[in-house]
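Novice: just coords:
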Ligand code: GLU
């Protein structure tokens, strides 16, 4: 299942379960009809566990002691991890997965504190104990596993390209030789480009949204990261942006980042995913049902 770096240049479409059936067919995210939507808590597909305890999990002990969960998320990725600056509402597939996990541990929405943490700072935030767990387009890989553990995978996507809507259609990374491609510092896509495509110029920012601004302004020629992320940006601004339709360059399996060695919490979350197929599907449908991507829940890898 694991992505090998040597395959990065092959342009393979790894996950048979993942297909892009069309772009911009609707904005992912929970914005539609939000005006008269009831509070998120009353329509969640999960239930908050009552009287729950988790023996032998140091992370759970910390949560219980402070009476809340501290969750690391993204907040500039529509459809996945997004904060609406006007309503202050958080939405997205990853945010809902983080809520589902909190609920399974006995914590409701009022007992969740969200911390936005950029790609480059995730391992450190977990190692430092700044957050209890992280849910934010976080690819499972061996390098990261040296510092932290992952529950999951709970989602699968792959590296793709976002370009200006009036641009020639770049389909492969090879076609971007000599051009400037933007991605986030500390991410797997920027690493893939630097290691395997030295002829591509790179521009890095902490946030993908900064890359997208630079793409619209003409400062960079393409943005590369997971296609599920790029589709959210294109859906927000279809006049200016489009996701290319070529094959994905990698397979990215998303995991929940956890403090290393908390096997009890990891097993709890893995079991939640394994037994929670219906809830997973409801979260997918709510957040990404109109996005044009089709993803089946990947099998948990209980290492
Ligand atoms: N999934 C990739 C990663 O974990 C790219 C997305 C991100 O930066 O969060 O690096």
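Specialist: Right, received. Where do you want to start? All values derive from a computational prediction rather than experimental measurement.
Novice: got any ranges where this structure has weak pLDDT?
Specialist: For the chain, the stretches flagged by pLDDT under 70 are 1-42.
Novice: Show me what from this protein comes close to the ligand.
Specialist: Residues of the chain lying near the ligand by CB under 6 Å from any ligand atom: 119, 137, 138, 139, 184, 187, 188, 189, 225, 226, 252. The C-beta positions use only the backbone N, C-alpha and C, and glycine is treated the same way.
Novice: Go again with 8 Å.
Specialist: Near the ligand, the residues belonging to the chain are 74, 77, 119, 122, 136-139, 141, 157, 159, 183-184, 186-189, 191, 208, 225-226, 229, 252, 254 when assessed by CB under 8 Å from any ligand atom.
Novice: Can you flag which of those residues belong to helices?
Specialist: Mapping the residues of the chain next to the ligand onto helices (DSSP state H) picks out 122, 188, 189, 191, 208, 229.
Novice: you'd agree the second one is up against residue 250?
Specialist: Yes - under the criterion of CB atoms under 8 Å, residue 188 lies in contact with residue 250, with a separation of 7.1 Å.
Novice: Tell me the residues that contact both of those two, please.
Specialist: residue 159 (CB atoms under 8 Å, 6 or more residues apart in numbering).
Novice: Can you lay out the ones in helices among the residues of the chain next to the ligand as JSON lines showing neighbour count?
Specialist: Shown next, in JSON lines, are those (neighbours: other CB atoms under 10 Å):
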{"residue": "122", "neighbour count": "22"}
{"residue": "188", "neighbour count": "24"}
{"residue": "189", "neighbour count": "29"}
{"residue": "191", "neighbour count": "16"}
{"residue": "208", "neighbour count": "28"}
{"residue": "229", "neighbour count": "29"}
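Novice: which one of these is nearest the ligand?
Specialist: The closest of these to the ligand turns out to be residue 188 (CB to the nearest ligand atom; 3.9 Å).
Novice: Setting aside sequence neighbours, what's the nearest residue to the closest one?
Specialist: Nearest non-adjacent residue to residue 188, counting by CB to CB, 6 or more residues apart in numbering: residue 139, 5.0 Å away.
Novice: and that neighbour, what is it in contact with?
Specialist: Taking CB under 8 Å, 6+ apart, we find residue 139 in contact with 3, 188, 226, 252, 253, 254, 255.
Novice: Apply 7 Å and report the result again.
Specialist: By CB atoms under 7 Å, 6 or more residues apart in numbering, the contact set of residue 139 is 188, 252, 253, 254.
Novice: so what's it bridging to?
Specialist: residue 254 (DSSP bridges).
Novice: ok, it to residue 171 distance?
Specialist: 22 Å (CB to CB, to the nearest Å).
Novice: Quick check: the residue nearest to residue 130 when sequence neighbours are not counted vs residue 128, distance?
Specialist: Using CB to CB, 6+ apart and skipping the chain neighbours, the partner closest in space to residue 130 is residue 115 (6.7 Å). Using CB to CB, one gets 11 Å for the distance from residue 115 to residue 128.
Novice: Run through the neighbouring helices and strands of the helix or strand containing residue 271.
Specialist: If you go by DSSP states H and E, residue 271 is part of helix 263-275. Secondary-structure packing of helix 263-275 (3 or more CB pairs under 7 Å, 6 or more residues apart in numbering; DSSP states H and E): helix 93-104, strand 148-157, strand 252-259.
Novice: can you redo those as a markdown table with mean neighbour count and distance to residue 270?
Specialist: Output for the helices and strands packed on helix 263-275, formatted as a markdown table (neighbours: other CB atoms under 10 Å; distance: least, CB to CB, whole Å):
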| stretch | mean neighbour count | distance to residue 270 |
| --- | --- | --- |
| helix 93-104 | 26 | 11 |
| strand 148-157 | 24 | 5 |
| strand 252-259 | 25 | 9 |
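Novice: Skipping adjacent residues, who's closest to the closest residue to the ligand within the stretch 151-300 of the chain in space?
Specialist: Per CB to the nearest ligand atom, residue 187 is where the stretch 151-300 of the chain lies closest to the ligand, at 3.4 Å. Spatial nearest neighbour of residue 187, excluding adjacent residues (CB to CB, 6+ apart): residue 119 at 4.5 Å.
Novice: nearest residue to residue 225 other than its sequence neighbours?
Specialist: residue 189 (4.7 Å).
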